[in-house]
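> Need a 3D model of the sequence below.
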Amino acid sequence: MFRSYLYVPATRPEFFPKAAVGDADAIVIDLEDAVAPNAKQQARENLSQLLLSEYANHKPVFVRVNGDEQVFDDIKAISAQIAGIRLPKCECADTTRAVDKALLDVEQKLGLMEGSIELIPMVETARGLFLMDDVVAASSRIKRFDFGAGDYDRDIGGRKTPERLETLFARGYIASRSRFLGLERPLGHVTSIMDPDTLHRICKEDSSIGFFGRSCIHPKQVAIINNAFNPTEQELAKARSIVEHFEARADGGTGAFFMPDNSFVDMATYRRAKKFVAEFDK
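Residues are numbered from 1 along each chain as shown. Predicted structure coming up:
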């Protein structure tokens, strides 16, 4: 699981080597919002060159393509193995199927395993939010969703608040629907926040409602995000203790009990702790 995804504009190829040797878990080369309309073709050419460079193998590379008809030209510019693409404003099953087919063509052209390029739909509109099921049904490449808060706010006419109330429903829905659909936890949206305490807080908030990982636009955000999505040693120790106590009592038929610190443990608590340990206790 990746905690941090650092965006690199395709029109700033000089940033790529620095990102590749930095602390972000993954890189997202951006062909969309960070690229002016008259620079799209140059961005695609840069993308092709970057994917063939020595730095492309340092860590997983994703590509944020454009969400309109340009997406197919973007996909054709993929010149080597990538971890996946992010599809903005995804709200149409037909488009998703067409993108899936275009990715298959690239895999066949490059001699890659079928399905090796992940497709990450970005929920950025109310329509996209309520058509998540249709989108998932259109492609087996989809493992998780990404949330685009800025475009979503504009779409619903939301007003920004320090508490992020304008996106609370959407974030909760995306996390819950992802679970219902059998997907991995969704990705937290990009933020321009540089204040360490505030950035750490919003990562923890998103984690608490079912997100894992966050995209960022500046290398200084990476360490904060990584730290926020890492469990503390105390959290890991508590989870291990729950698993150990529960499994020790299971043979005796005890399915619910109080821990030495008086916290209550039942089957749901045990399952959550066991999953937590499996994910993070490496």
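> I figured R64 hits I27, correct?
No. R64 lies out of contact with I27 (C-beta atoms under 8 Å); the separation is 10.8 Å. The C-beta positions use only the backbone N, C-alpha and C, and glycine is treated the same way.
> care to break this structure down by domain?
Following automatic domain parsing, the chain resolves into domains at 4-229, 233-280.
> Check these for me: which has the lowest mean pLDDT.
Within the domains of the chain, the stretch with the lowest mean pLDDT is domain 233-280, showing a mean of 80.
> mind checking the end-to-end distance for it?
10 Å (C-alpha to C-alpha, to the nearest Å).
> ok, now stretch 9-26?
Where stretch 9-26 begins and where it ends lie 14 Å apart, using C-alpha to C-alpha.
> quick one: buried residues of that stretch?
P9, A10, T11, P13, F15, F16, A19, A20, G22, A24, D25, A26 (16 or more other C-beta atoms under 10 Å).
> Work out for me the element the closest residue to the fourth one other than its chain neighbours sits within.
Going back to what we said before, that points to P13. Using C-beta to C-beta, 6 or more residues apart in numbering and skipping the chain neighbours, the partner closest in space to P13 is N46 (4.9 Å). Using DSSP states H and E, N46 falls within helix 40-51.
> Which elements pack onto the helix or strand just after that helix?
Tracing the chain past helix 40-51, the next element assigned as helix or strand by DSSP H and E is strand 61-64. The contact analysis (3 or more C-beta pairs under 8 Å, 6 or more residues apart in numbering; DSSP states H and E) places strand 61-64 against strand 26-30, strand 84-87, strand 118-123.
> picking that back up, from what I can see the residue nearest to P13 touches E14, true?
No. Look at N46 against E14 with C-beta under 8 Å: they stay out of range, at 10.2 Å.
> what ranges do the helices span in the stretch 151-282 of the chain?
Using DSSP state H, counting those that start in this stretch, the helices of the stretch 151-282 of the chain run over 168-180, 196-208, 219-229, 233-250, 267-280.
> buried stuff in the first one?
Of the residues in helix 168-180, those with enough neighbours to count as buried (16+ other C-beta under 10 Å) are A170, R171, Y173, I174, A175, R177, S178.
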